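Trainee: need a 3D model of the sequence below.
(one chain, ligands or ions: 1)
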Amino acid sequence: MMKSRILVIGGTGNIGRHLVAASLDAGHPTAVLVRPSTAASSDSGKAELLNSFKARGACIVYGDMNDHGSLVAAMRQHGEVVICAVGHGRPLELDGQLKIVEAIQEAGCVKRFVPSEFGCDVEHAEQTLEPAKSMMESKLRVRQVIREVGIPHTIICSNWAIGLLLSGLGENGPLSTGVNIFGDDEKTRAIFLDEKDMSRLAIRAVEDPRTLDKVLYVRPPTNVCSFGQLVHLLEKKTGKTLERHYVPEQDLAKKIQAGNGAFNLGPFRVVHGRLRRVRWVEATQLYPDVRFVTVEEYLDGIIV
Ligand SMILES: NC(=O)c1ccc[n+]([C@@H]2O[C@H](COP(=O)([O-])OP(=O)(O)OC[C@H]3O[C@@H](n4cnc5c(N)ncnc54)[C@H](OP(=O)(O)O)[C@@H]3O)[C@@H](O)[C@H]2O)c1
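Mentor: As a prediction, the model looks like this:
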């Protein structure tokens, strides 16, 4: 069976680069929409990345999410499936996806759109403070619009990206000064997923009729980890006893509001209970053959 042509927007980003690699690994004709300014920039990391994509057979297409014509042309040529991984770091980047929706409507050839999500379920997040609040509201707006206008889609809720969150915990990371524990060290839990595992699943999901117009939750029980378990693992790996600094939830909220960069507890919560309204499927049930890199295995790779 011919594999769908996949167009990735945001393929030079932290998450997008794994999606491009997974699409190539799975044998999809893969195109990456890149801003001309990025392709021409002196950022050697991005130049290397683009060269590595090209060497593996990806097609680099020049365009911009804010340039309607370039989007429509890229979709008509390369985009049976469009996966977006624009970031949350810059204002309006996530909302820019509404322009992708307009282009999908005009192109008329896109059979699946995966918007930039790859995190917690924004329809069920609680007690979220800025800056996460605005990010989640943007993602929610995009969800609402794609449902309203009837764009075939799959939303990937893959919880925490393990590399982005934990890669700084290596031998020379922040551990020398101990650890901050936000809230209760056993009840504060999160699901950590390797970006490569998440991307492999996303690429499988875009061809799967069971994930059409659904939220795909990726919640392997093996990858749920509490703060206490994480600290315990770090102690086991480093052979150090870590000084624990307990930060009560209300103090953490104050720190977040003061903008000191502490974690926002909202997205840290594991989604519990019954999920109403949203049509969803669970990746571990759809793809029982997938084995996920666990937090312990990931730490094995970064702490030597
Ligand atoms: N679950 C988690 O733990 C976690 C962690 C991080 C991110 N995320 C989510 O994953 C998604 C991607 O985030 P990220 O951190 O990977 O983003 P990122 O590293 O900031 O990358 C953003 C990408 O979007 C591209 N882009 C930005 N504006 C564009 C435009 N106008 N036209 C075309 N391309 C444009 C950038 O291209 P340039 O190279 O040209 O800048 C880059 O490739 C977001 O939804 C984010 O919330 C989840």
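Trainee: strands along this structure, start to end?
Mentor: 6-9, 30-34, 59-62, 81-84, 112-114, 154-157, 160-161, 179-182, 189-193, 214-217, 224-226, 244-247, 280-282 (DSSP state E).
Trainee: and these, which one averages the lowest pLDDT?
Mentor: In terms of average pLDDT, strand 179-182 trails the rest of those, at a mean of 84.
Trainee: so who does the residue nearest to Val61 when sequence neighbours are not counted touch?
Mentor: Counting by CB to CB, 6 or more residues apart in numbering, Ala74 is the residue found nearest to Val61 once chain neighbours are left out, at 4.7 Å. For every residue, glycine as well, the C-beta is placed using N, CA and C. Taking CB atoms under 8 Å, 6 or more residues apart in numbering, we find Ala74 in contact with Leu7, Ala31, Leu33, Val61, Gly63.
Trainee: how far away is the first one from the ligand?
Mentor: Going back to what we said before, that points to Leu7. According to CB to the nearest ligand atom, to the nearest Å, Leu7 and the ligand sit 11 Å apart.
Trainee: near the ligand, which residues of the stretch 51-200 of the chain?
Mentor: 64-66, 85-89, 93, 96, 116-119, 160-161, 164-165 (CB under 6 Å from any ligand atom).
Trainee: what's the separation between Arg147 and Lys214?
Mentor: From Arg147 across to Lys214, the span is 11 Å (CB to CB, to the nearest Å).
Trainee: which residues in the chain form helices?
Mentor: 16-25, 36-39, 44-55, 68-78, 97-107, 132-149, 162-166, 195-205, 227-238, 249-257, 283-286, 295-302 (DSSP state H).
Trainee: for the strands of the chain, give me JSON lines that also has mean neighbour count.
Mentor: As requested, the strands of the chain are exported to JSON lines (neighbours: other CB atoms under 10 Å):
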{"stretch": "strand 6-9", "mean neighbour count": "28"}
{"stretch": "strand 30-34", "mean neighbour count": "26"}
{"stretch": "strand 59-62", "mean neighbour count": "16"}
{"stretch": "strand 81-84", "mean neighbour count": "28"}
{"stretch": "strand 112-114", "mean neighbour count": "23"}
{"stretch": "strand 154-157", "mean neighbour count": "25"}
{"stretch": "strand 160-161", "mean neighbour count": "20"}
{"stretch": "strand 179-182", "mean neighbour count": "19"}
{"stretch": "strand 189-193", "mean neighbour count": "22"}
{"stretch": "strand 214-217", "mean neighbour count": "21"}
{"stretch": "strand 224-226", "mean neighbour count": "18"}
{"stretch": "strand 244-247", "mean neighbour count": "14"}
{"stretch": "strand 280-282", "mean neighbour count": "15"}
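Trainee: got those strands as CSV, with distance to Tyr298 columns?
Mentor: Below are those laid out as CSV (distance: least, CB to CB, whole Å):
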stretch, distance to Tyr298
strand 6-9, 24
strand 30-34, 26
strand 59-62, 30
strand 81-84, 24
strand 112-114, 24
strand 154-157, 19
strand 160-161, 11
strand 179-182, 17
strand 189-193, 7
strand 214-217, 20
strand 224-226, 10
strand 244-247, 22
strand 280-282, 22
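Trainee: closest to Leu140 out of those?
Mentor: Among the strands of the chain, strand 154-157 comes nearest to Leu140, with 10.7 Å by CB to CB.
Trainee: and that closest one, what does it pack onto?
Mentor: Judged by 3 or more CB pairs under 8 Å, 6 or more residues apart in numbering; DSSP states H and E, the packing partners of strand 154-157 are strand 112-114, helix 195-205, strand 214-217.
Trainee: can you tell me the strand partners of it and which way each runs?
Mentor: With DSSP bridges as the test, strand 154-157 is paired with strand 214-217 (parallel).
Trainee: contacting residues around the partner strand?
Mentor: Residues contacting strand 214-217 (CB under 8 Å, 6+ apart): 121, 123, 154-157, 201-202, 205, 271, 278-283, 286.
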